[in-house]
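> prediction below, plus the sequence it came from.
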Amino acid sequence: MNSFRPKIFVFMPLFFSLICLSVSAGPAAADFSGTVSGLWVNPAPDGAWPAFTGVGTNAFRWGDASGYAAPASSLWFSGYSLAGVPEDTAAALGELTYYNGTIANGTGASRISLMLNISISDPGYAAFTPEFSLELVNVPNNGSEWENADYVYFPSVLSNQTFTLNGTRYRLEILGFSQDYGRTLVKQFHVLEDEQTSAVLYGRITRNSVYYLPYFAAGDGWWSGVALRNINNWRQAPVTTYIYRSDGALLDREYTDLPARGQTSFVAGSGMDAIGWIKVVSGQPLAGLSFFGNNSGYSYMADIPFASDLSASLVVPHVAQNAEWDTYVMVCNPNDDDTTVSLVLVDTGGQVAAAREYWLAANGSGIYALDDLLNGGYGSGSLEISANQGVAAFALYTDYEKTETGYNYAGIAAVDPDK
């Protein structure tokens with residue numbers, strides 16, 4: 001477990017980052033009807049001579065199969081209709097068919113995105129186009145039948161795609177693939193060489209709102225506070241707060257019911273001695289803030305921005321490491337798979353000044369010092385954070401340890417450059 005606790009806290013909080021979502025009275029649990037279709041977009045090459053066809057259609061083919069008897073590899077997606085699908089219920093969105101062809105080395109694809117076109121017609125109208133990345137693993141044909149089986153998988157099965165219907169905000173979750181009518185959901189499926197198989201893509205529409213706090217500290221005088229307010233003026237909000245250790249272990253869950261317009265504040269993980277991160281799941285949108293501090297010696301407290309969306313690409317707009325300033329970056333990985341996080345320091349002229357990759361456990365978190373990224377040197381600019389699945393992050397910026405009068409501290413949100 002990463003036990004590092006940065007000694008960089010200001011005497012009083014500098015700012016609080018609130019996530020506020022306005023909602024209306026909100027109907028009873030909804031049943032959804034509509035249609036689903038899909039297109040394949042944004043393929044990534046797997047080699048120097050990629051051969052793609054069907055980009056922007058529902059049938060994507062990749063690889064050069066001209067030297068073989070069988071066709072190239074391909075993916076088809078056929079969307080389904082939704083007919084009275086209840087809220088919070090797994091629903092079949094469409095069928096994905098995968099043909100594993102024999103292709104020349106260097107001509108394949110390593111990744112493709114499925115862009116769904118979802119049109120809800122009842123109990124109101126809404127249309128949105130969520131996009132999900134699929135990894136394509138093209139296995140060399142030098143083993144047994146199953147060892148040669150290619151496969152496709154979601155790097156992360158959950159989505160934070162949201163849409164508004166009749167004044168209520170909903171969230172679409174992609175649950176995974178099934179080949180047994182939804183009884184078993186998996187993140188990947190395999191196809192034998194020169195064979196074809198299909199699986200159904202399942203999703204769920206829920207009203208739950210999820211928020212991520214990339215840093216949590218407790219023990220040795222450290223504490224982490226959470227304050228939440230139910231924004232809905234008419235509906236109670238069931239709220240669960242999950243506390244994860246940095247290695248991904250779930251330490252605790254705390255339940256509360258917030259009445260309409262109700263508020264609560266509490267110290268998360270009281271009595272623990274741990275470093276990690278926090279996830280808040282609510283049946284209604286919340287306004288909230290988190291703050292952490294130390295009550296031993298000098299009293300320091302600082303805030304942490306709430307993150308309501310995960311992203312595989314984030315930017316911290318300002319960082320610096322020099323004789324006066326330190327920067328620390330906190331990243332959490334709220335997924336069931338490990339990930340590799342890439343940190344790239346881009347200087348003020350737009351040039352890469354330093355880069356490093358870090359491994360991050362499933363449902364884990366990490367603390368990364370800019371000083372480490374720079375190998376003890378100096379640098380400033382912005383920081384690019386990337387991963388192969390959605391993460392949340394923020395940066396701590398301080399002069400606390402560098403000057404005798406250094407009491408400056410700020411939390412800097414990591415933002416999605418595409419939003």
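Perfect, thanks for sending it. Numbering: from 1, shown residues only.
> which helix or strand contains the residue in the chain sticking out farthest from the centre?
Distance from the C-alpha centroid of the chain peaks at residue 69, with 41.3 Å (CA atoms, centre = their mean). Following DSSP states H and E, there is no helix or strand that holds residue 69.
> could you do residue 35 as well?
strand 31-46.
> do I have it right that residue 58 meets residue 37?
Yes. Using CB atoms under 8 Å, residue 58 is in contact with residue 37, at 7.1 Å. For the C-beta atoms, the positions are set from N, CA and C on the backbone; glycine is no exception.
> identify the contacts common to the two.
Residues touching both residue 58 and residue 37 (CB atoms under 8 Å, 6 or more residues apart in numbering): residue 79.
> how about stretch 182-190: buried residues?
Buried residues in stretch 182-190, defined by neighbour count with 16 or more other CB atoms under 10 Å: 185, 187, 189.
> okay, helices next: where are they in this structure?
Using DSSP state H, the helices of the chain run over residues 370-373.
> care to break it down by domain?
31-206, 209-304, 311-413 (automatic domain parsing).
> return the distance of the shortest one from the chain's centre.
Read that as domain 209-304. From the chain centre to the centre of domain 209-304 is a distance of 19 Å (CA atoms, centre = their mean, to the nearest Å).
> before we move on, what about the last one?
Here the centre of mass of C-alpha atoms in domain 311-413, compared against the chain's by CA atoms, centre = their mean, lies 17 Å away.
> and what of the first one?
Averaging C-alpha positions (CA atoms, centre = their mean) puts domain 31-206 18 Å from its chain's average.
> start to end distance for it?
Chord length of domain 31-206, first to last residue, is 11 Å (CA to CA, to the nearest Å).
> could you do stretch 239-250 as well?
Terminal residues of stretch 239-250 are spaced 17 Å apart (CA to CA).
> where in this protein is pLDDT low?
1-28, 141, 148, 155-160, 167, 297-300, 400-407 (pLDDT under 70).
> need the longest strand for the chain.
As assigned by DSSP state E, the longest strand anywhere in the chain is strand 379-398.
> which other helices and strands does that strand contact?
strand 209-218, strand 311-321, strand 326-332, strand 339-346, strand 352-360, strand 409-413 (3 or more CB pairs under 8 Å, 6 or more residues apart in numbering; DSSP states H and E).
> reformat those as CSV; add mean neighbour count and distance to residue 283.
Below are the helices and strands packed on strand 379-398 laid out as CSV (neighbours: other CB atoms under 10 Å; distance: least, CB to CB, whole Å):
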stretch, mean neighbour count, distance to residue 283
strand 209-218, 25, 8
strand 311-321, 19, 24
strand 326-332, 25, 22
strand 339-346, 19, 28
strand 352-360, 15, 29
strand 409-413, 19, 25
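> distance to residue 166 added to the ones you listed, as CSV?
Below are the helices and strands packed on strand 379-398 laid out as CSV (distance: least, CB to CB, whole Å):
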stretch, distance to residue 166
strand 209-218, 17
strand 311-321, 28
strand 326-332, 33
strand 339-346, 36
strand 352-360, 39
strand 409-413, 31
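> the longest strand of the chain pairs with which strands, parallel or anti?
strand 311-321 (antiparallel), strand 326-332 (antiparallel), strand 339-346 (antiparallel), strand 409-413 (antiparallel) (DSSP bridges).
> may I have the last one as CSV, with CA atoms only?
Right, the one you point to is strand 409-413. Backbone C-alpha positions of strand 409-413 (Å, rounded to 0.1, in the frame of the first residue of the first chain) are rendered in CSV as follows:
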residue,chain,number,x,y,z
TYR,A,409,-2.0,25.4,-1.3
ALA,A,410,-4.5,24.7,-4.1
GLY,A,411,-6.4,21.7,-5.5
ILE,A,412,-6.4,21.8,-9.4
ALA,A,413,-9.0,19.7,-11.2
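> could you check the angle it makes with strand 209-218?
Taking axes from the mean of the first three to the mean of the last three CA atoms, to 10 degrees, one finds that strand 409-413 is oriented at 150 degrees with respect to strand 209-218.
> now for the strand holding residue 35, which elements pack on it?
Strand 31-46 packs on strand 59-62, strand 73-79, strand 81-86, strand 91-99, strand 108-122, strand 131-137, going by 3+ CB pairs under 8 Å, 6+ apart.
> how long is stretch 249-267 end to end?
19 Å.
> ok, residues contacting it?
223-230, 232-245, 268-269, 272, 274, 276, 282, 284, 286, 363.
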